[in-house]
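> My questions are about this predicted structure, shown below with the sequence.
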Amino acid sequence: MKSRRRSSSLNGSMSSSSTYSPTPDRLPHSPNSSTYSSTTTTSLKSNSGRNPVRIVADAFVSCFTPPETKPSSSNFGDSDSFQAPSVASDGAREKKPSSSNNRGRSIYGSENNSTHRKKAGSIKFTMEDIYKATKNFSPSLKIGQGGFGIVYKGCLVDGTVVANIHDKHAGAEFKSEVRTLEKIEHLNLVKFYGFLEHGEERILVVEYVPNGTLREHLDSVNGNVLDFASRLDIGIDVGHAITYLHMYTDHPIIHRDIKSSNILLTENLRAKVADFGFARLAADIESGATHVSTQVKGTAGYLDPEYLSTYQLTEKSDVYSFGVLLVELVTGRRPIEPKKEIKERITARWAMKKFTSGDAILTLDPRLERSAANSLAMEKIYELALQCLAPHRHNRPTMRKCAEILWSIRKDYRELAG
Ligand SMILES: Nc1ncnc2c1ncn2[C@@H]1O[C@H](COP(=O)(O)OP(=O)(O)OP(=O)(O)O)[C@@H](O)[C@H]1O
């Protein structure tokens, strides 16, 4: 489902100018296996040489299905005007989640319970807690496997359903992920409950999100087609989540791995962004820095070409990945489609080319209705995607702007769709 290698051939990318019109010969080459030569790549999410780690996220969801949190109208779009992404009630820049603290009490009931210790705002679980929650990592509770490890459903002693992720991140990356997770709380981000680091075991305990990934829904694995309105809602949810990371935390956070398989869906098809294994703090603007220089990490097909060629990371790398995601939502296709003919293999390049030549409708997911409302919203989403995919970060909008634009697209969409 994903290549974990980057290729110098991606450096060309999606091209340019403030109104941005893609120049085909500067677009990424086809993603066939030869293009992704291991000799030209930085390993993106390789497990090699790493100690086995376990992440316990909120995925310990085996014992019951928790009631979904009722979305607030401000966050979930019942109002007609754009509002800043929702944040923890005690203030966006407040440090860590009261939820962890509360969770600590509610899960274990009494303060003299010795099975856990809070650390830096999150719960430090014991192996006993984790074994209990996952029934000794019962294969029947395994819900997925990613590049970093196995994910288990679990149930904490208070009945909270969680995802138990066995993480294979290196120790430093694991600590960095925990530090990031401890700082954030937003309805559209997977909640962090705690972690365990015990010898070579590393586990994150996070919120279990019961309805699979966006990618699975776009692939209709459950037999249903995700309708246009839901796709628009999901785009807005993700936009809010990333805006929150970029603007409303103590220090801006760059996710670095925005992609459809990292977007988890609730039963009401609301989105929660997961997987902070690659997240990084942005440059400290007050110190005059404009970017951080770092080894390239991310997933092929979503990677910002400017970051790939300069190793300079800014929030705009997430904006680029978000542009790829927007195209994915409209077309239903994966960012890289190796089995398609060459000119269609890089989905964003293909779609943007069709869009700029007036043929966007040919790229709309064939399972979606060709209604006036869908067609108009598709055009507007592509206009936004084109800006997000600009090769130079300075020409890309901020995430907040993206969320605002999507919000207004949805308002018009609802009026037209009736
Ligand atoms: N919090 C969660 N709640 C419910 N299911 C989850 C949760 N986290 C992960 N999963 C499931 O486990 C699978 C593996 O997730 P994981 O994040 O480890 O890998 P991935 O996103 O598929 O790949 P990568 O490691 O490249 O990001 C997901 O596809 C999803 O189905």
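The structure has been received and is ready for your questions.
> can you give me phi and psi for residue 261?
Backbone geometry at residue 261, expressed as degrees, to the nearest 10, gives phi -80, psi -10.
> all numbers from here: first residue = 59
Understood, numbering begins at 59; the last thing we discussed is residue 319.
> Contacts only, for the closest residue to it other than its chain neighbours.
What sits nearest to residue 319 in space, not counting adjacent residues and going by C-beta to C-beta, 6 or more residues apart in numbering, is residue 273, at 4.5 Å. Using the backbone N, CA and C atoms, a C-beta is placed for each residue, glycine as well. Contact analysis of residue 273 by C-beta atoms under 8 Å, 6 or more residues apart in numbering lists 59, 317-319, 321, 392.
> what does residue 280 give?
Applying C-beta under 8 Å, 6+ apart, the residues near residue 280 are 270, 274.
> Which of the three states applies to it?
Following DSSP: H, G, I helix; E, B strand; the rest coil, residue 280 is assigned to coil.
> got it, and residue 295?
helix.
> so who does it touch?
Per C-beta under 8 Å, 6+ apart, neighbours of residue 295: 134, 246, 328-330.
> Quick check: end-to-end length of stretch 251-263?
5 Å (C-alpha to C-alpha, to the nearest Å).
> model confidence over that stretch, on average?
The average pLDDT for stretch 251-263 rounds to 87.
> ok, is that stretch in contact with the ligand or not?
No - judged by C-beta under 6 Å from any ligand atom, stretch 251-263 stays clear of the ligand, getting no closer than 9.0 Å.
> now that stretch, how far from the centre of its chain.
How far stretch 251-263 lies from its chain's middle: 21 Å, per C-alpha atoms, centre = their mean, to the nearest Å.
> now do stretch 312-332
Per C-alpha atoms, centre = their mean, the centroid offset for stretch 312-332 relative to its chain is 4 Å.
> same question, stretch 376-389
11 Å.
> Which positions in that stretch come out as buried?
376-389 (16 or more other C-beta atoms under 10 Å).
> what residue ranges in the stretch 209-358 of the chain are flagged as low confidence?
226-228 (pLDDT under 70).
> For it, which residues are neighbours of the ligand?
Going by C-beta under 6 Å from any ligand atom, the residues of the stretch 209-358 of the chain near the ligand are 209, 221, 248, 264-267, 270-271, 319-320, 322, 332-333.
> what would the residues you listed look like in JSON lines with secondary structure?
Converted to JSON lines, these look like this (three-state DSSP):
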{"residue": "209", "secondary structure": "strand"}
{"residue": "221", "secondary structure": "strand"}
{"residue": "248", "secondary structure": "coil"}
{"residue": "264", "secondary structure": "strand"}
{"residue": "265", "secondary structure": "strand"}
{"residue": "266", "secondary structure": "coil"}
{"residue": "267", "secondary structure": "coil"}
{"residue": "270", "secondary structure": "coil"}
{"residue": "271", "secondary structure": "strand"}
{"residue": "319", "secondary structure": "helix"}
{"residue": "320", "secondary structure": "helix"}
{"residue": "322", "secondary structure": "strand"}
{"residue": "332", "secondary structure": "coil"}
{"residue": "333", "secondary structure": "coil"}
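> so residue 220 sits in a strand?
Yes - assessed by three-state DSSP, residue 220 belongs to a strand.
> What count of nearby residues applies to it?
The number of residues packed near residue 220 is 32, by other C-beta atoms under 10 Å.
> I'd say it and residue 262 touch.
No - with contact defined as C-beta atoms under 8 Å, residue 220 does not count as touching residue 262 (9.5 Å).
> does residue 265 really touch residue 220, like I thought?
Yes - counting by C-beta under 8 Å, residue 220 is a contact partner of residue 265 at 6.7 Å.
> Which residue ranges of the stretch 259-408 of the chain form helices?
Here the stretch 259-408 of the chain has its helices, by DSSP state H, counting those that start in this stretch, at 272-276, 286-305, 363-368, 374-389, 400-403, 405-414.
> now, among the buried residues of stretch 376-389, which is nearest to the ligand?
residue 379 (12.6 Å; C-beta to the nearest ligand atom).
> What's the local residue count around residue 430?
10.
> Surely it touches residue 473?
No - the criterion here is C-beta under 8 Å, and residue 430 misses it with residue 473 at 11.4 Å.
> okay, residue 116: pLDDT?
Reported pLDDT for residue 116: 33.
> where does the stretch 59-208 of the chain have low pLDDT?
For the stretch 59-208 of the chain, the ranges with pLDDT under 70 are 59-180.
> one more time with 50
59-178 (pLDDT under 50).
> Relative to the ligand, which residue of it is the closest?
For the stretch 59-208 of the chain, C-beta to the nearest ligand atom, closest residue to the ligand: residue 204, 1.8 Å.
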